[in-house]
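Participant: Everything below, folded, please.
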Amino acid sequence: MFGIGPTELLVIGLLVIAVFGPLKAAEVARDLGRFINGANRTVEEFKEELLTEEVKEVRSSAEAINSEIATSDGQHGGDK
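Facilitator: This next block holds a predicted model:
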């Protein structure tokens, strides 16, 4: 995650607890999680808006073809 290992996360967590105290640190962590979740949701919505209908149709067709291939492989016992 962002090139941060478990040791670095532990140090950051301890610093947050030392600076804000245990109760306030929990609030800060909760608020940070909500912010990141909202930011991810906004980015996903923006990416969806950028996709044109044609791209969505091509993706849908490709998924249909892939599922059809998977179904036909299963019916023939994988023999080619």
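
Participant: what's the burial count for V16?
Facilitator: V16: 17 surrounding residues under other Cβ atoms under 10 Å. Every C-beta, even on glycine, is put in place using the N, C-alpha and C of the backbone.

Participant: Please verify my assumption that it contacts L32.
Facilitator: No: contact criterion Cβ atoms under 8 Å: V16 and L32 do not qualify, at 9.4 Å.

Participant: Give the residues shared as contacts by the two.
Facilitator: Contact with both V16 and L32 is made by no residue, according to Cβ atoms under 8 Å, 6 or more residues apart in numbering.

Participant: In this structure, which helix is the longest?
Facilitator: When the chain is parsed with DSSP state H, its longest helix is helix 22-50.

Participant: Can you name every helix or strand that that one contacts?
Facilitator: When contacts are defined as 3 or more Cβ pairs under 8 Å, 6 or more residues apart in numbering; DSSP states H and E, helix 22-50 packs onto helix 6-20.

Participant: quick one: low-confidence ranges for this structure?
Facilitator: Applying pLDDT under 70 to the chain flags residues 1-2, 74-80.

Participant: center of it - which residue?
Facilitator: Centroid check for the chain by Cα atoms, centre = their mean gives N40 as the closest residue, at 7.6 Å.

Participant: Tell me how far that residue lies from E48.
Facilitator: Distance, N40 to E48, using Cβ to Cβ, to the nearest Å: 13 Å.

Participant: got it, and A25?
Facilitator: Separation of A25 from E48 (Cβ to Cβ) stands at 35 Å.

Participant: and the two? which has more neighbours close in?
Facilitator: Set A25 next to E48 and count neighbours by other Cβ under 10 Å: A25 wins out with 17 against 9.

Participant: if I pick that one, what's in contact with it?
Facilitator: G13, V16, I17, V19.

Participant: Please save the CA atoms from stretch 11-23 in PDB.
Facilitator: Coordinates of each C-alpha in stretch 11-23 appear next as PDB, following Å, rounded to 0.1, in the frame of the first residue of the first chain:
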ATOM      1  CA  VAL A  11       5.300   3.800  13.600                       C
ATOM      2  CA  ILE A  12       2.700   6.100  12.000                       C
ATOM      3  CA  GLY A  13       0.000   4.600  14.200                       C
ATOM      4  CA  LEU A  14       2.100   5.100  17.300                       C
ATOM      5  CA  LEU A  15       2.800   8.700  16.400                       C
ATOM      6  CA  VAL A  16      -0.800   9.400  15.800                       C
ATOM      7  CA  ILE A  17      -1.700   8.000  19.200                       C
ATOM      8  CA  ALA A  18       1.100  10.000  20.800                       C
ATOM      9  CA  VAL A  19       0.000  13.200  19.200                       C
ATOM     10  CA  PHE A  20      -3.800  12.900  19.400                       C
ATOM     11  CA  GLY A  21      -4.300  10.500  22.300                       C
ATOM     12  CA  PRO A  22      -6.100   7.100  22.000                       C
ATOM     13  CA  LEU A  23      -9.700   8.500  21.800                       C
END
